[in-house]
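> Take a look and give me a structure for this.
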Amino acid sequence: MASPKRKVRNRQARKKTTTEEMRERLRDKLGGKEIVFVESTDGVKMSEVLEAFIAPFMEFADTEERFEKLVTIAVIAWNASLLPRSAQTKAIDDVLTSLPPETQADARVIVRDLMRRKRKYFGKNRRAIIDFEITDTKKEFHLMVASTPENI
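So this is what the prediction gives:
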């Protein structure tokens, strides 16, 4: 199957469009509430944190589709690790049941490994990841992340 053709835009124009697209998607998810993007007060970008979080697994993300799957599983693990331990298993089960049955066991192992990584290396970061957007720049995959503020 041929991949869809993409319009080529300069990076600055694409960034603005991607930000607007994410804002619209979040507004729709939140019932029309206005979405305001602000820079983090500590100077830490969640996209950079998420990239560091998935770094050991990047060798498996050689296509945009695989990168998106890796980021999706990483976000599931990241957000589940923020829940009380008693709620983590149910949250993971709720998400993983949407996967094909033959992939659920492997996905569960990966999510658990990522959760251990989150606790060990990123334990002080309590920001939940709300949404993400991936753009293939032909040189790399650009990751944009929307998250909760630091103080939640």
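> Please make it C-alpha for all contacts and neighbour counts, starting now.
Will do.
> Now for residue 110: which residues touch it?
Counting by CA atoms under 8 Å, 6 or more residues apart in numbering, residue 110 touches residue 73.
> doesn't it fall inside a helix?
Yes. Per DSSP: H, G, I helix; E, B strand; the rest coil, residue 110 lies within a helix segment.
> Give me the pLDDT for it.
Looking at residue 110, its pLDDT stands at 93.
> again with residue 63
Looking at residue 63, the pLDDT reads 93.
> How much space separates residue 65 from residue 90?
27 Å (CA to CA, to the nearest Å).
> and the helix or strand encompassing residue 102, which residues are buried?
Using DSSP states H and E, residue 102 sits within helix 101-122. Neighbour counts over helix 101-122 (16 or more other CA atoms under 10 Å) mark 104, 108, 110, 111, 112, 114, 115, 116, 117, 118, 122 as buried.
> Name the nearest of these relative to residue 47.
residue 122 (13.4 Å; CA to CA).
> residues contacting that closest one?
Counting by CA under 8 Å, 6+ apart, residue 122 has contacts residue 53.
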